[in-house]
Every structure is written in C-alpha cells, then in structure tokens.
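[1] coordinates only, sequence not included:
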C-alpha cells in the first residue's frame with residue numbers, strides 16, 4: 001500500500017513559514033542596501049566639500065571660480081574670481097564655472113576622475129560626477145531650484161551642489177540659464193536623510209529639498225511633505241556648501 005504523497009496541513013504551514021521568513025529576510029537586506037546607498041551619497045557630498053576646502057587652501061580660490069586656473073592647469077579656463085561657483089554665466093565660449101569646478105578639482109588631484117569642464121549638456125562621468133545611487137548625478141549650482149510651480153531657495157544660499165537625475169539632455173532653466181538636474185529621491189528617503197544628517201527641515205539647514213522633474217515627465221513635481229510616507233521620486237537634493 002503506497003503512502004499518500006500530499007502535504008499535510010502541518011507541512012504546508014511549515015513551508016509557508018519558511019518562504020515568509022526568506023522573503024522578509026530579502027526585504028530587510030534590500031532595505032539595508034538602499035540605506036547604505038543613500039548614506040554614501042551624503043558621504044560623497046561631504047568628501048567633495050572637504051576637497052573644495054583643500055583646493056581653496058592651496059590656491060586661495062574656489063574651483064571653477066579660480067581666475068588664475070590656466071596658470072596651473074592645462075586645457076582649462078579661468079573663472080571670474082567673484083567668490084561664487086556659478087552655473088548661469090558664460091565666461092567665454094560656453095565656459096560655465098559649475099562645469100569647470102569639476103575640472104579644476106580633478107586637475108588638482110583632490111577628487112577622483114577626469115572631467116572636461118565644458119559641454120552644452122550634462123553627461124555623467126564626462127563633465128559631472130555620478131553617485132552610487134542609480135540615476136543620481138551631482139553638479140554645482142547657483143541659488144535656483146524649482147518646487148512644483150514656483151522658484152524656491154532661501155536667500156543667501158549661493159554655492160551649492162545639486163544631486164539628482166539628468167533630464168532632457170540637461171537643457172538650461174528658461175529663467176536662469178542653469179543646467180537642469182531633476183528629481184532623484186523620494187520624500188520618504190529625503191526625510192530619512194535630513195533627520196540623520198541635518199535639521200529635519202525641508203527648506204532649512206545644509207540639506208534643502210525642492211521638487212524635481214523626472215526624465216519622462218515634462219512638469220515639475222513638489223517634494224511632498226516630510227510627514228507623508230511618499231515613495232515617489234519627486235525630490236532634488238541641494239547641499240549648501242556654506243561660507244566657503
């Protein structure tokens with residue numbers, strides 16, 4: 001007489017419990033990996049800030065804004081020396097201080113990589129660096145950001161780094177001539193980062209979170225309230241470099 005091959009209810013319960021445990025473990029592992037990636041973005045920003053400070057100590061100028069750069073670095077260009085890393089002005093022949101800043105930093109060997117310092121659009125690992133977070137790049141910017149339907153940024157913030165996605169070939173903003181970086185973070189992740197590394201304020205402290213624009217979207221989104229659990233990617237990170 002052959003034994004019935006069907007699972008008993010007890011056996012099925014054990015199998016389901018094992019599968020649930022494995023899935024929960026995989027979810028926890030993925031959450032830890034995502035958190036590690038987010039933290040590394042902040043670490044990268046702080047490393048760049050230290051690199052800028054080192055550059056300024058050596059050359060007594062900010063990268064990109066350095067008006068004697070051609071005396072030190074070949075294939076470079078000078079900034080205007082006004083103490084601001086600007087992305088809205090053309091010094092000569094499509095030269096923007098925001099792009100030249102990366103070139104100056106890499107030429108001075110204070111950051112890794114090689115950057116062209118020029119371009120009519122933003123290209124990751126060519127004229128701007130990318131982060132370990134998928135789709136998120138970094139560029140210097142001067143003051144301006146967008147939140148849904150309004151231009152927002154606290155007055156007095158000038159030298160900043162934007163972290164977000166490259167969109168629409170990074171065409172300039174129509175009102176400021178700034179190169180565009182779009183959204184790269186969800187409101188949920190933005191809140192977590194700000195709570196851990198800054199002052200928990202959306203528009204205060206060193207981390208500012210305006211809305212962004214996704215590559216496939218022609219409209220600007222608002223970075224949702226930090227009290228909402230919003231996992232949609234609508235937020236651009238602006239890192240205030242402070243008084244450099």
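    Sure thing, it's come through. These numbers come from a predicted model, not from an experiment.
[2] my read is residue 19 is in a helix, agree?
    Yes - counting by DSSP: H, G, I helix; E, B strand; the rest coil, residue 19 is part of a helix.
[3] neighbours around it, how many?
    Neighbours of residue 19 under the rule other CB atoms under 10 Å: 10. (C-beta placed from N, C-alpha, C; glycine too.)
[4] State the distance from it to residue 209.
    38 Å (CB to CB, to the nearest Å).
[5] Tell me the bridge partners for the spatially most central residue of the chain.
    The chain has residue 163 as the residue nearest its centroid, 1.5 Å off, counting by CA atoms, centre = their mean. Listed by DSSP bridges, the beta-bridge partners for residue 163 are residue 138, residue 237.
[6] Surely it touches residue 132?
    No - counting by CB atoms under 8 Å, residue 163 stays clear of residue 132, with 11.5 Å between them.
[7] Need the overlap of contacts for these two.
    residue 41 (CB atoms under 8 Å, 6 or more residues apart in numbering).
[8] for stretch 55-75, what is the average pLDDT?
    Per-residue pLDDT over stretch 55-75 has a mean of 94.
[9] Could you work out the end-to-end span of it for me?
    18 Å (CA to CA, to the nearest Å).
[10] Outside of it itself, list whatever touches it.
    52, 76-86, 96-105, 107-108, 110, 117, 140, 159, 244.
[11] What are the boundaries of the helices in the chain?
    Assigned by DSSP state H, the helices in the chain fall at 9-59, 97-107, 187-197.
[12] now these as CSV including distance to residue 124?
    What follows is the helices of the chain, written out as CSV (distance: least, CB to CB, whole Å):
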stretch, distance to residue 124
helix 9-59, 13
helix 97-107, 11
helix 187-197, 20
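[13] Quick check: which of those is buried the most?
    helix 97-107 (a mean of 25; mean count of other CB atoms under 10 Å).
[14] Counting by contacts, list what it packs against.
    helix 9-59, strand 137-142 (3 or more CB pairs under 8 Å, 6 or more residues apart in numbering; DSSP states H and E).
[15] any chance of the ones you listed in TSV, plus distance to residue 194?
    Converted to TSV, the helices and strands packed on helix 97-107 look like this (distance: least, CB to CB, whole Å):
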stretch	distance to residue 194
helix 9-59	10
strand 137-142	18
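[16] count of neighbours near residue 206?
    18.
[17] State the distance from it to residue 185.
    Taking CB to CB, one finds residue 206 at 15 Å from residue 185.
[18] what's the burial count for residue 121?
    14.
[19] Look at it and report its pLDDT.
    Reported pLDDT for residue 121: 77.
[20] and if you look at residue 102?
    On the pLDDT scale, residue 102 gets 96.
[21] doesn't residue 115 make contact with it?
    Yes - judged on CB under 8 Å, residue 102 makes contact with residue 115 at a distance of 4.0 Å.
[22] Please identify every residue contacting each of these two.
    Shared contacts of residue 102 and residue 115 (CB under 8 Å, 6+ apart): 127-129.
[23] between those, which is closest to residue 44?
    Among the shared contacts of residue 102 and residue 115, residue 129 lies closest to residue 44 (CB to CB), at 8.0 Å.
[24] what's near enough to touch that closest one?
    Taking CB under 8 Å, 6+ apart as the definition, contacts of residue 129 comprise 44, 102, 111, 113, 115, 137-138.
[25] circling back: got the contact list for the residue nearest to the centre of the chain?
    So residue 163 contacts 41, 45, 131, 136-138, 181, 184-185, 236-239 (CB under 8 Å, 6+ apart).
[26] Go through these and say which is closest to residue 224.
    Of all the contacts of residue 163, residue 185 has the smallest distance to residue 224: 11.1 Å, by CB to CB.
[27] pLDDT wise, what is the closest residue to the closest one other than its chain neighbours at?
    Nearest residue to residue 185, sequence neighbours excluded (CB to CB, 6 or more residues apart in numbering): residue 235, at 4.4 Å. Note on residue 235: pLDDT of 86.
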